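Student: What would the 3D arrangement of this be:
(4 chains)
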Protein chains: 2
Amino acid sequence: MDRHRKPTLDTVASAVGVSRATVSNAYNRPDQLSAALRERILETAASLGYAGPDPVARSLATRHSATVGVMLDRPLSSDPAVSIVLDGLASTVDGHDHGLVLMPGGVDGGPRPETVARAQADVVVAYSLPDHAPALDVVRARGLPLVVIDQPVLPDTARVEVDDVGGARLAATHLRDLGHTRFGVLAFGLHRDGATGPVPTDRLPDAAFRVTRDRLTGYLDVIGEAPVWECAGSRRDLGRAGARELLSRTPRPTALLCASDELAFGALQAARDLGLRVPTDVSVVGFDDVPEAGHAEPPLTTVRQPLAEKGRRAGELALRLLTGARPGEPARLPVSLVDRHSAGVLT
Amino acid sequence: MDRHRKPTLDTVASAVGVSRATVSNAYNRPDQLSAALRERILETAASLGYAGPDPVARSLATRHSATVGVMLDRPLSSDPAVSIVLDGLASTVDGHDHGLVLMPGGVDGGPRPETVARAQADVVVAYSLPDHAPALDVVRARGLPLVVIDQPVLPDTARVEVDDVGGARLAATHLRDLGHTRFGVLAFGLHRDGATGPVPTDRLPDAAFRVTRDRLTGYLDVIGEAPVWECAGSRRDLGRAGARELLSRTPRPTALLCASDELAFGALQAARDLGLRVPTDVSVVGFDDVPEAGHAEPPLTTVRQPLAEKGRRAGELALRLLTGARPGEPARLPVSLVDRHSAGVLT
DNA sequence: TGGATGTTCTGAAGCGCTTCAGTCACACTC
DNA sequence: GAGTGTGACTGAAGCGCTTCAGAACATCCA
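Tutor: Predicted coordinates:
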């Protein structure tokens, strides 16, 4: 026997003395042949070192690859929230015998177009991509079904999101109820220009990212005007720098609203840098409720969004789209305030 | 035109009036046809809504899918170290125009066998799997090249690892030089039984996991005998519980050696729980140097391993294997001690 | 001017599998 | 004993692409 060439369906078929169709059925439709024959086929296959139908060939023949692609806006490692969402997504599709191909983002907020063009997937989910990510065009060109998590908002497209406005309001209201009146806010990027710094009011209204816009809206709805510092990314160091700025102003804000926990961790650090005590001197509230939030010093008061659930819902939507279902209304998941120890009454 | 059926190579070929081979060449071997014709083909393709050769069909014809699979021992979200390694891996293979299919672990330390059987990949990398993960058998049965990160140690298999023994020695030596003599160690699981608790000495010698074994060896080489607490997973809560136990003994250890940062974070918390100050009352040293280590309270002294580099190297190895290269010697990456503030002189 | 050399394009054979319309043999039923 | 199922298997078409050995024609140099 030729030990160099991998065995195929044929190899097994002729070894057993049946047709290829029958061997195929042995794997895919056990009810189509007698149990005895099936047993014989499987045994022969094993002894031949045949590991089952080749996935690629099967995909071509069936015209689906049983795989969902996921596009991220950034590298995987930057924010734990991403991992959690991804986990929910992965386990959901895996549970339905689908694979997951990962397309992490590069510098320009999304995977490279070539990566997407090459990906073997029946459907793709986009995680919090910028509005005009080139990757999205490729998905459209290929005619693949799409589900987006958080953003961008695309017409006639399946989506799962959380109530960002409501969540932000929760955070702001909590602080206001605690007696705070002088606020500072640490926001995500408003535009794709990677700007970091204080936000002039004219930059506000037309922010390009839905999530940025919504959280900001929620904050400002409640607290009225306030200095906003824009951070190009959800990164601790950017939060630290921004918070340090905000906290150095006179009069100093007594409370900081942060668009993510990661930013809030940075703010906690900035407070330490300046010798301020949290929450005695300044209150800090985050957004996301990543696991670390509960372990911060002090434990972070934050807005919880169901991250794993987001991934799961996206997975279910993707799978549903594969059955030909229409996108339907966006799934909107609830948020809630987790009151820990980084926000306190104004003394 | 039939708007329901996606255009294929043929569609384009007959629209332009050339053979399929030529259209294929337009995409894959521009040098095989005149620039003018190529241009015309690409234009027609675009106007027809043809998004380029179907990846699956191409894979079948070329007999490789340009994809590397990665198997994890656990869910993605549990430890930031995983994300970082994955990131290095993903960007490396993406840079070489290969995709990444993700196979996260379930409960039994590895992806489901069916998942691996179905995955469309030319090569797979296994991240820190248990010695006898079923997933590994499937990889072997399919005859796919394999590169393992950390463990298990398999004969004739490409591998990338760090100097775990050396790293552990570094940590232990540092503590000893600081004057400590009473130690406690927080180790990973020694066996696949998910045991958590104090380790009887007879469980030690034959630990099933290389990483566990090596780090433990490194510690004990330097400090001699010491109480060891086994944690079934690299989880903060397990570290906290274990450390609380260890720190409640009389005489109390003055220094804790932890097999991972995640465990060490738990230990820090346990110290707080008990009203002990770090490093005044007790020193804590971790292993990994995840980003959070620098932000812990106090910043964690730990052994740094080049996580991203590990992923990158694994990616390069995987790609090399695809060219038919032999596995070669395991790549061993260096570790170093990062001296921050969680370990101090014994007072 | 004629063989050698290129350049550009084509035909046809696969890649390894699924699937559907049958064929065949063997029970049943009345 | 004719009709009707039914269970078990097969033949062949096809999924959408790549690739390789040429064919057809132009170009070049001696």
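Student: where along the stretch 51-200 of chain A do the strands fall?
Tutor: Along the stretch 51-200 of chain A, the segments classed as strands by DSSP state E, counting those that start in this stretch run A:67-72, A:99-103, A:123-127, A:146-149, A:158-162, A:183-188, A:197-198.
Student: wait, the stretch 201-347 of chain A
Tutor: A:228-231, A:255-258, A:283-288, A:301-304, A:331-333, A:336-338.
Student: Dump the ones you listed into TSV; add mean neighbour count and mean pLDDT as well.
Tutor: C-beta here means a position set from N, CA and C on the backbone, and glycine is covered the same way. Formatted as TSV, these follow (neighbours: other C-beta atoms under 10 Å in any protein chain shown; pLDDT from 0 to 100):
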stretch	mean neighbour count	mean pLDDT
strand A:228-231	26	95
strand A:255-258	32	98
strand A:283-288	30	98
strand A:301-304	27	98
strand A:331-333	15	97
strand A:336-338	17	98
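Student: Reformat the ones you listed as JSON lines; add distance to A:A35.
Tutor: Shown next, in JSON lines, are these (distance: least, C-beta to C-beta, whole Å):
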{"stretch": "strand A:228-231", "distance to A:A35": "63"}
{"stretch": "strand A:255-258", "distance to A:A35": "62"}
{"stretch": "strand A:283-288", "distance to A:A35": "53"}
{"stretch": "strand A:301-304", "distance to A:A35": "52"}
{"stretch": "strand A:331-333", "distance to A:A35": "44"}
{"stretch": "strand A:336-338", "distance to A:A35": "54"}
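Student: Please identify which of the ones you listed is closest to A:L60.
Tutor: Between A:L60 and those, the shortest gap by C-beta to C-beta is with strand A:331-333, which sits at 32.8 Å.
Student: rewinding a little: quick one: which of the strands of the stretch 51-200 of chain A is nearest DNA strand D?
Tutor: Closest to DNA strand D of the strands of the stretch 51-200 of chain A, according to C-beta to the nearest atom of the strand: strand A:67-72, at 15.9 Å.
Student: residues in contact with the nearest residue to A:G99 once chain neighbours are set aside?
Tutor: Nearest in space to A:G99, with sequence neighbours left out and distances taken as C-beta to C-beta, 6 or more residues apart in numbering or on different chains, is A:T67 at 4.1 Å. Neighbour list for A:T67: A:H98, A:G99, A:L100, A:V101, A:Q120, A:A121, A:D122, B:V101, B:Q120 [criterion: C-beta atoms under 8 Å, 6 or more residues apart in numbering or on different chains].
Student: 10 Å - rerun?
Tutor: A:T67 makes contact with A:55, A:59, A:93, A:98-101, A:119-124, B:56, B:67, B:99, B:101, B:118-120, according to C-beta atoms under 10 Å, 6 or more residues apart in numbering or on different chains.
Student: Over to A:L76?
Tutor: A:82-83, A:86, A:102, A:104-105, B:76, B:82-91, B:102, B:311.
Student: try 7 Å this time
Tutor: A:V82, A:S83, A:P104, B:S83, B:L86, B:D87, B:A90 (C-beta atoms under 7 Å, 6 or more residues apart in numbering or on different chains).
Student: What does the pLDDT read for the fourth one?
Tutor: Looking at B:S83, its pLDDT stands at 93.
Student: Likewise for A:P334?
Tutor: At A:P334, the model reports a pLDDT of 97.
Student: Next: the one 5 residues further on.
Tutor: You'll see A:D339 listed with a pLDDT of 98.
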